[in-house]
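Chemist: generate a structure from the sequence data that follows.
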Amino acid sequence: MGWVREVGVLGLADRVPNLEARALSPTVGWFALVAVAAFVLLCVVHRDRWRRLWLRAEDPRTMAAFRIAFGVALLGNLAGMWGQLEFLFTDEGLFTTETARQVLGRAQFAGYGEGAGDEPLGFFDASAWLAFAKGPRYSLLFFRSDPSFFWVHLWAYVVAVLLFIAGVRTRTVGVIAYLLMGSITMRNPVYWTGADVVFRVFFFLLILGRSGHAYSIDNWLRCRRLRREGRLSEPGKAGEGAGAPASEDHPRGLEAIYRRIPAWPRLLMILQLATIYLYTGCAKTGDVWSAGDALYYALNLDHFYRLPPQLLASLFGTNLFRVFSWGVHVWQMGFSFMVVGLVVRWMLREKFEPSTGWRRQATRVLWTTFGLAVLAVVLVAFPVHYTVEDGWPSTQTMQWIIAAGWLVSMAAGAWLWVRLRDRPFTFMLLGRRRTVDLAAAVTWTLGRRLWLTIGMFFHVQILLLMNIGMFAPIMLVAYISYLNGTETASILRSIGAIAIRLRLPGSSLIRRRPVPPEDPGLPSLNTTGLPLNAAPWAYGRVGQWLATLFVVAHIGAIATWCIPDKDSCHSFRAPARRFVEPWLNVTGTRQSWGMFAPNPPRSNRFLKVLVTDNEGETWDLRTDANAPRNKATPWIFYDRTGKITRRVSGTGKWYRRWLARYYCKAWALEHDGESPRSVELVKVWYSIPKPEAVAQRGYYRPEDRMARNGREKSLMTVRCAREADAQLSNEVRARHGLSPVDDTKIHHKPARRKSKWDRQRKAKRKDK
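Modeler: From the prediction side, this is the model:
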């Protein structure tokens, strides 16, 4: 799976494949293909509606607000790894520049010479450049990563983000900031969390949108220029800020303050957030989640909590925490229904007439086919995912129950849709006649006020109780994409009203009424083929086709990449992923959302680093298990040490030797260039007691439990004088004013790739 395993799923142990499930995967694949084909045909049948949804022009203020909040969160994410920047991204850290090319970009740099011996330095030929261009790691730090270059690179990134927030040359600066961010983060994945992938995928979508059309210096300069030319529509004048057509007073017409922008980038954001929740919710299949103990274990992870939670866990671990765990799990899996609600409400606002004739019949057939195909997938895969316990129904009985319930639900849903649309329910309540129609039912069950409110409560709770970096803030920022421009303006107006009442500096510049967006009826906008007062098209015909191709390709690629890593998908998952992988590499949107899945960790793991000097004395560097950082209460400022520990001490085994080698060099830098004798990495851990145990016996103290139940295991010992890349190079020694040493004492073996590259190229030419 490449680098995607670095996020979320790295904590999962290798598992024995389920051969029965793999045998079912071809059948599952065919039924899944039928479901996908039915949905695609539905979109084709209703292509006029989908075009109006995706290709319309909308108010720019939501994307502008998202840009500002996202940029601030980007800087916050950078601050969270400030203490580890040189360790992560420079040649004095975990990997030298050459080593990073070898171990992190082996395929991309297969045609790159290190300048050793008779080999040239650089790419051998055009095909070598093409191999690098295939990705997925695009980083300047693979070519040079000394601290001086890195800090120039980093500050260029910070400046670009600040300019992006301010809205200066917004699109251009946004692309530059995105590329610079990738250039840093792709250099070393050891620290990656789910939040880092969220930043990556949303930044790509953000730069696709015209987020500089509002709340930006770009738009302020534009408005100032138009005002001087007498061509700006302003509040209290013609058009009230929304623009005005040509008239006798304004022969060239007046332009709006807030020009409309394409809606499809924001809609892709909406789908992306729903994908995150759906994937992570469905991946939480472990017994800890089903028992409702996930929140208990998550809060008791010593790397995560801000304040010791053990007392709260002993009081609420077996009751309130379980309710919250189950509720969060259901909410994550159901979040995507809100997208359905958004689409339905949009269709009702647009006043689409019910389908008739062949389209009506095709719609019924395709929805029925889709539902039955999904049911077939469930029934086929169910036997290998169900274990019969004492007193439970048999597998066959459960399949009949699922099938009956599914079919009844399909029929009831279809009937309820038509009934609510055509003949709403009416009843008396509290002396008033109430009406429940399709719009009201969708608003209250699939609306944002329900699902986003629960999400805000969930993420604010995480932010207050757990120190996991920027995950909660960036997810809350992503919620902005679910607002329309008028709602964004209203919220900001409410905030501005508070500032006015408090007479804060600059509050006099705040408008008391939001300016309307560009009038959809302006003759300069494209409304060809649209009904009156509909949102105008964002593009002409060619632009519509190009945008449609991009949207379809991107949605298809993400959906394919997110096929579950299940044995019942074994026969088609890998080839399908290989097909879409180039797209995701180029766009930087490869992703995996298995956070705390299938179960959260049930033990606290730490990493002890022991250095033995040349006199034989052993020193504990106090890097993690007993670091002063772990004693802070409350723990406010986040760093990546805990994440790196869990990765290195878990399944990221290959990092261990490089980490030990790094400490050989780090010790030498602090001891006049003298390397220690050895470095040992020791895993330290203790199991978190079950919630029933603390409920009965009372809360525990982590230090006491570590002392009583803690265990240690040596993971790796390296001899610093013998290991490759475990000694300071003379280049690094010179940077720090240390005297050079004999090159024979520096063990480094440059990669030699030219002969292998030439053989491979020759073999490919013969095959042709």
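
Chemist: which residues in the stretch 601-750 of the chain form helices?
Modeler: Counting by DSSP state H, counting those that start in this stretch, residue ranges of the helices within the stretch 601-750 of the chain are 641-649, 655-670, 691-697, 702-709, 730-735.

Chemist: among the ones you listed, which is nearest residue 139?
Modeler: Nearest of these to residue 139, taken as CB to CB: helix 655-670 at 17.4 Å. Quick note: C-beta positions are derived from backbone N, CA and C, even for glycine.

Chemist: which strands or helices does the closest one pack on?
Modeler: Counting contacts by 3 or more CB pairs under 8 Å, 6 or more residues apart in numbering; DSSP states H and E, helix 655-670 packs against strand 603-612, helix 641-649, strand 678-687, strand 711-719.

Chemist: the ones you listed: lowest mean pLDDT?
Modeler: Mean pLDDT values for the helices and strands packed on helix 655-670 show the minimum at helix 641-649, a mean of 90.

Chemist: tilt between that one and strand 711-719?
Modeler: 80 degrees (axes from the mean of the first three to the mean of the last three CA atoms, to 10 degrees).

Chemist: and helix 641-649, what does it pack against?
Modeler: Against helix 641-649 (3+ CB pairs under 8 Å, 6+ apart) you get strand 603-612, helix 655-670, strand 678-687.

Chemist: export those to a markdown table and tack on mean neighbour count?
Modeler: Formatted as a markdown table, these follow (neighbours: other CB atoms under 10 Å):
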| stretch | mean neighbour count |
| --- | --- |
| strand 603-612 | 20 |
| helix 655-670 | 20 |
| strand 678-687 | 20 |
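
Chemist: redo the ones you listed as JSON lines? Include distance to residue 405.
Modeler: Converted to JSON lines, those look like this (distance: least, CB to CB, whole Å):
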{"stretch": "strand 603-612", "distance to residue 405": "38"}
{"stretch": "helix 655-670", "distance to residue 405": "47"}
{"stretch": "strand 678-687", "distance to residue 405": "39"}
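
Chemist: quick one on the thing from earlier: can you lay out the helices and strands packed on helix 655-670 as TSV showing distance to residue 589?
Modeler: Output for the helices and strands packed on helix 655-670, formatted as TSV (distance: least, CB to CB, whole Å):
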stretch	distance to residue 589
strand 603-612	31
helix 641-649	22
strand 678-687	34
strand 711-719	34
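
Chemist: what sits closest to residue 198 if chain neighbours are left out?
Modeler: Leaving aside its sequence neighbours, residue 198 sits nearest to residue 474 (CB to CB, 6 or more residues apart in numbering; 5.1 Å).

Chemist: from residue 238, how far out is the residue lying farthest from the centre of the chain?
Modeler: Going by CA atoms, centre = their mean, the residue of the chain most distant from its centre is residue 248, 52.3 Å out. Distance, residue 248 to residue 238, using CB to CB, to the nearest Å: 11 Å.

Chemist: nearest to residue 129, of the helices and strands packed on helix 655-670?
Modeler: Closest among the helices and strands packed on helix 655-670, using CB to CB: helix 641-649, at 31.8 Å.

Chemist: what angle separates the closest one from strand 678-687?
Modeler: Using the same axes, to 10 degrees: helix 641-649 against strand 678-687 is 100 degrees.

Chemist: mind checking how far helix 641-649 is from the chain centre?
Modeler: Offset of helix 641-649 from its chain centre (CA atoms, centre = their mean, to the nearest Å): 20 Å.

Chemist: equivalent analysis for stretch 470-479, please.
Modeler: Computed by CA atoms, centre = their mean, the chain-centroid distance of stretch 470-479 equals 10 Å.

Chemist: just the mean pLDDT for that stretch, thanks.
Modeler: Confidence for stretch 470-479, expressed as mean pLDDT, is 96.

Chemist: likewise for stretch 560-579?
Modeler: Rounded mean pLDDT across stretch 560-579 is 94.

Chemist: and residue 18, what is it in contact with?
Modeler: Listed by CB atoms under 8 Å, 6 or more residues apart in numbering, the contact set of residue 18 reads 384, 567-568.

Chemist: list the residues that contact residue 528.
Modeler: residue 537.

Chemist: pLDDT at it, what is it?
Modeler: The score at residue 528 is 91. That number is its pLDDT.

Chemist: is it true that it lies in a strand?
Modeler: No. Assessed by DSSP: H, G, I helix; E, B strand; the rest coil, residue 528 does not belong to a strand; its assignment is coil.

Chemist: before we move on, back to that, tell me which element the residue farthest from the centre of the chain is part of?
Modeler: For residue 248, there is no helix or strand it lies in under DSSP states H and E.

Chemist: any idea how far residue 156 is from residue 675?
Modeler: Taken as CB to CB, the span from residue 675 to residue 156 is 34 Å.

Chemist: counting neighbours, what do you get for residue 412?
Modeler: Applying other CB atoms under 10 Å, we find 10 residues neighbouring residue 412.

Chemist: give me the three-state assignment for the most centrally placed residue in the chain.
Modeler: In the chain, the centroid-proximal residue (CA atoms, centre = their mean) is residue 198; its distance is 2.1 Å. When classified by three-state DSSP, residue 198 comes out as helix.

Chemist: from residue 328, how far out is it?
Modeler: Computed as CB to CB, the residue 198 to residue 328 distance reads 17 Å.

Chemist: pretty sure residue 135 contacts residue 586?
Modeler: Yes. Using CB atoms under 8 Å, residue 135 and residue 586 qualify as a contacting pair, with a distance of 6.3 Å.

Chemist: who has more neighbours, the two?
Modeler: Between residue 135 and residue 586, residue 135 has the larger neighbour count (other CB under 10 Å), namely 21 against 13.

Chemist: now do the contacts for the spatially closest residue to the more buried one that is not a sequence neighbour.
Modeler: Leaving aside its chain neighbours, residue 135 sits nearest to residue 585 (3.3 Å; criterion: CB to CB, 6+ apart). The contact partners of residue 585, by CB under 8 Å, 6+ apart, come to 134-136.

Chemist: just for the chain, where's the confidence low?
Modeler: Within the chain, the segments meeting pLDDT under 70 span 1-15, 506-512, 625-631, 768.

Chemist: outline the domain layout of it.
Modeler: The record assigns the chain these domain ranges, following automatic domain parsing: 19-46+356-386+539-584, 217-257, 486-515, 603-728.

Chemist: what's the spacing between the longest one and its chain's center?
Modeler: What it means is domain 603-728. Domain 603-728 has its C-alpha centroid displaced from the chain centroid by 29 Å (CA atoms, centre = their mean).

Chemist: likewise the third one?
Modeler: Once both centres are worked out by CA atoms, centre = their mean, domain 486-515 turns out to sit 32 Å from its chain's centre.

Chemist: buried sites along it?
Modeler: 488-489, 492, 496, 514-515 (16 or more other CB atoms under 10 Å).

Chemist: closest to residue 458 among these?
Modeler: residue 488 (22.1 Å).

Chemist: could you point out which element follows whichever helix or strand the closest one is part of?
Modeler: Here residue 488 sits within helix 485-502, counting by DSSP H and E. Sequence order places helix 541-561 as the next helix or strand after helix 485-502, per DSSP H and E.

Chemist: buried ones in whichever helix or strand comes after that following helix?
Modeler: Next helix or strand after helix 541-561 toward the C-terminus (DSSP H and E): helix 570-587. Across helix 570-587, burial judged by 16+ other CB under 10 Å covers 570-573, 576-577, 580-581, 583-585, 587.
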